[in-house]
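K.L.:
Everything below, folded, please.
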Amino acid sequence: MRQSLYGFTRPALESWLAEHDEPKYRARQIFQWIYQKRIRHIEDMTDLPKGLRDTMAAELMLSSMKEVTRQVSAKDGTTKFLFSLVDGATIETVIMRHDYGNSVCVSTQVGCKMGCRFCASTLGGLVRHLQAGEIVEQLMICQQLLDQERVSSVVLMGSGEPLENYDASLAFVDIVTDPLGLKIGQRHITISTVGMVPAIYRLADEKRGITLAISLHAADDETRSKMMPVNKAYNIASLLEACQYYYKQTGRRLSFEYALIKDHNDHLADARKLANLLGNLPCHVNLIPVNYVPERNLTR
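P.N.:
Next up is the predicted model:
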């Protein structure tokens, strides 16, 4: 399969060009064409030599996914896409419209193996990781649809665990925050994780400006382990130790996601546990009404 042009960071593209005896400054031109002018065909890059365009067309591609379905909410304009990939796998992407701008939720894997009881994405297990270009292309299709309206923020909260597909997820961040790219600031990018503790330490040491969101959903190990198998590998104490380290390294306030599930984690005692657990950590708690999944039969 040809490699996606969307999957190149600018330094990686400069390396590819050097391997083909082309000057590195072409990477700047290519980034401007695909991210600022948002062209959809390699041959449209009219200030590149035809020989280079022919080589790029033979080895690289811009479009690797097709829209299968689109649903638009009449209430708030939320747009949900189902995309088909080159191997026939499918993923979902969502545009959310807010008073403060447009946010896009991207997937990082086909399926998921984390096994969280309240989630539909994990029902079929993990099929494969997405490549960086497949993550970026989701965002580009949304930006092309929005036209002159700008994507102001991105959340890696679609199907999959971003920190399990670490390299591709962080390459995505580098590409879309490039000054010649979509110019989305790192502070407007949120990566959500079920709590992959080693990856949190790795991310902390990189000292990026992104927001880290932790899918917590319970304030004690017994409850959380029943809902989220990852807790058996990385319990709440080890997770919060990693979160404290992340805050010390980056100075970035964390976000904790807590889906309220009837008669599982929604009592007053649970609220007190949560307050005691997070009281000493600069953070934001996002209370979410759980989405109903027929196979799970968990209710709000």
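K.L.:
all strands of the protein, in order?
P.N.:
For the chain, the strands defined by DSSP state E occupy 3-4, 60-61, 66-72, 79-84, 90-98, 101-105, 109-111, 126-129, 151-156, 189-193, 211-215, 254-260, 283-289.
K.L.:
closest one to residue 24 among those strands?
P.N.:
strand 60-61 (16.6 Å; CB to CB). From N, CA and C alone the C-beta is placed, and that goes for glycine too.
K.L.:
Now do that closest one: distance to the chain's middle.
P.N.:
Remark: strand 60-61 is offset 22 Å from the chain centroid, using CA atoms, centre = their mean, to the nearest Å.
K.L.:
and the closest residue to residue 122 other than its chain neighbours, how many neighbours?
P.N.:
Closest residue to residue 122 apart from its sequence neighbours, by CB to CB, 6 or more residues apart in numbering: residue 112 at 4.3 Å. The number of residues packed near residue 112 is 24, by other CB atoms under 10 Å.
K.L.:
Could you do the one 5 residues further on as well?
P.N.:
Neighbour count of residue 117, defined by other CB under 10 Å: 18.
K.L.:
Not counting its neighbours along the chain, what's nearest residue 232?
P.N.:
Using CB to CB, 6+ apart, the nearest residue to residue 232 is residue 225, at 5.4 Å.
K.L.:
Can you report how many residues neighbour that neighbour?
P.N.:
Number of residues near residue 225 (other CB under 10 Å) recorded here: 16.
K.L.:
how close does it get to residue 126?
P.N.:
Going from residue 225 to residue 126 by CB to CB, to the nearest Å gives 20 Å.
K.L.:
try residue 171
P.N.:
19 Å.
K.L.:
ok, now residue 189?
P.N.:
As judged by CB to CB, residue 189 and residue 126 stand 23 Å apart.
K.L.:
who's in contact with the residue nearest to the spatial centre of the chain?
P.N.:
By CA atoms, centre = their mean, the chain has its centre lying nearest to residue 156, at 2.0 Å. When contacts are counted by CB atoms under 8 Å, 6 or more residues apart in numbering, residue 156 touches 105, 106, 108, 135, 162, 169, 172, 189, 190, 191, 192.
K.L.:
between the residues you listed, which is nearest residue 79?
P.N.:
Nearest to residue 79 among the contacts of residue 156 is residue 105, at 10.6 Å by CB to CB.
K.L.:
Surely that closest one touches residue 80?
P.N.:
No - Residue 105 is beyond contact range of residue 80, at 9.2 Å (criterion: CB atoms under 8 Å).
K.L.:
shared neighbours of the two, anything?
P.N.:
Applying CB under 8 Å, 6+ apart, one finds that residue 105 and residue 80 are jointly contacted by 93, 94.
K.L.:
out of those two, which sits in the busier spot?
P.N.:
Higher neighbour count among residue 105 and residue 80: residue 105, with 23 against 15, using other CB under 10 Å.
K.L.:
who's in contact with the closest residue to the more buried one other than its chain neighbours?
P.N.:
Sequence neighbours aside, residue 94 is the residue nearest to residue 105 in space, at 4.3 Å (criterion: CB to CB, 6+ apart). Applying CB under 8 Å, 6+ apart, we find residue 94 in contact with 78, 79, 80, 81, 104, 105, 158.
K.L.:
again, 10 Å this time
P.N.:
Contacts here follow CB atoms under 10 Å, 6 or more residues apart in numbering; on that basis residue 94 touches 71, 78-81, 103-107, 138, 142, 155, 157-158.
K.L.:
how about residue 231, what does it touch?
P.N.:
Residue 231 is in contact with 116, 194-195, 216-218, 220-225, 238-239, counting by CB under 10 Å, 6+ apart.
K.L.:
What is the most widely separated pair among these?
P.N.:
Using CB to CB, the contacts of residue 231 span at most 17.9 Å, a distance reached by 116 and 238.
K.L.:
which of those two has more neighbours?
P.N.:
It is residue 116, of residue 116 and residue 238, that has more neighbours when counted by other CB under 10 Å, with 20 against 14.
K.L.:
surely the more buried one meets residue 225?
P.N.:
No - with contact defined as CB atoms under 10 Å, residue 116 does not reach residue 225; the gap is 11.3 Å.
K.L.:
so how many other residues sit close to residue 22?
P.N.:
That count, for residue 22 with other CB under 10 Å as the rule, works out to 18.
K.L.:
Tell me the confidence at the residue lying closest to it once chain neighbours are set aside?
P.N.:
Nearest non-adjacent residue to residue 22, counting by CB to CB, 6+ apart: residue 52, 5.9 Å away. Each residue has a pLDDT score; the one for residue 52 is 97.
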